[in-house]
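1. just a sequence and a predicted model for now, questions to come.
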Amino acid sequence: MAAIISQKFAQECKAKLQQVKMDILNRVREARQHLDAEDRVGGDEADQTVRVLAEADFVTMHDRLRSQLLEIESALARIENGSYGLCEETEEPIELERLRAIPWTRLSIEGAEIRESFNRRYARG
């Protein structure tokens with residue numbers, strides 16, 4: 001398979017992906033430390049309720065960031081195997097500006113529209 005994007009652009013995206021990955025891992029670690037620090041503080045029922053809500057927020061954030069990390073890891077793997085920048089829906093190159101904005105994307109603008117249309121059609125049941 002011929003290279004879809006230039007090696008220079010792929011390295012630019014790889015660096016950005018690695019930076020976003022580190023930022024996410026730092027956010028999770030800081031949130032966990034904050035949650036653990038609150039755990040040491042006793043409190044009445046109101047404090048315990050706040051703690052439960054904070055834990056729920058942490059779990060929601062953690063799930064969202066975990067999904068983003070999986071997308072980043074997948075993008076890094078596509079860079080390594082040479083398929084980075086190819087739309088999973090249309091099998092056409094993804095727009096470079098789209099990759100700059102969302103370097104973990106798997107879809108071109110057209111591919112995203114096709115997938116969204118498909119999902120809407122079948123979500124109605």
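-> It's in.
2. tell me which residues touch A101, please.
-> For A101, the contact set (C-beta atoms under 8 Å, 6 or more residues apart in numbering) is empty. For glycine as for every other residue, the C-beta is placed from the backbone atoms N, C-alpha and C.
3. so what does it have for phi and psi?
-> The phi/psi pair for A101 (degrees, to the nearest 10) reads phi -80, psi -40.
4. shouldn't T90 be in contact with A112?
-> No - if you go by C-beta atoms under 8 Å, T90 and A112 don't touch, sitting 9.8 Å apart.
5. please, which helix or strand holds the most centrally placed residue in the chain?
-> Among the residues of the chain, Q68 comes closest to the average C-alpha position under C-alpha atoms, centre = their mean, at 1.9 Å. Element membership for Q68, per DSSP states H and E: helix 45-81.
6. run the chain-centre distance for that helix.
-> Taking the mean of its C-alpha atoms, helix 45-81 sits 10 Å from the chain's own mean (C-alpha atoms, centre = their mean, to the nearest Å).
7. that older thread, what about the residue nearest to the centre of the chain, distance to K8?
-> Distance, Q68 to K8, by C-beta to C-beta, to the nearest Å: 25 Å.
8. which neighbouring elements make contact with the helix or strand where E113 lies?
-> E113 is located in helix 109-123, with elements delineated by DSSP H and E. For helix 109-123, there is no helix or strand it packs on, judged by 3 or more C-beta pairs under 8 Å, 6 or more residues apart in numbering; DSSP states H and E.
9. buried ones in that helix?
-> Within helix 109-123, the residues that count as buried by 16 or more other C-beta atoms under 10 Å are 111-112, 115.
10. could you do stretch 97-110 as well?
-> Buried residues in stretch 97-110 (16+ other C-beta under 10 Å): 98-99, 103-108.
11. from the residues you listed, which is closest to A15?
-> If you rank these by distance to A15 using C-beta to C-beta, P103 comes first, at 9.4 Å.
12. need the three-state assignment for the closest one.
-> coil (DSSP: H, G, I helix; E, B strand; the rest coil).
13. repeat for L107
-> Taking three-state DSSP, the label given to L107 is coil.
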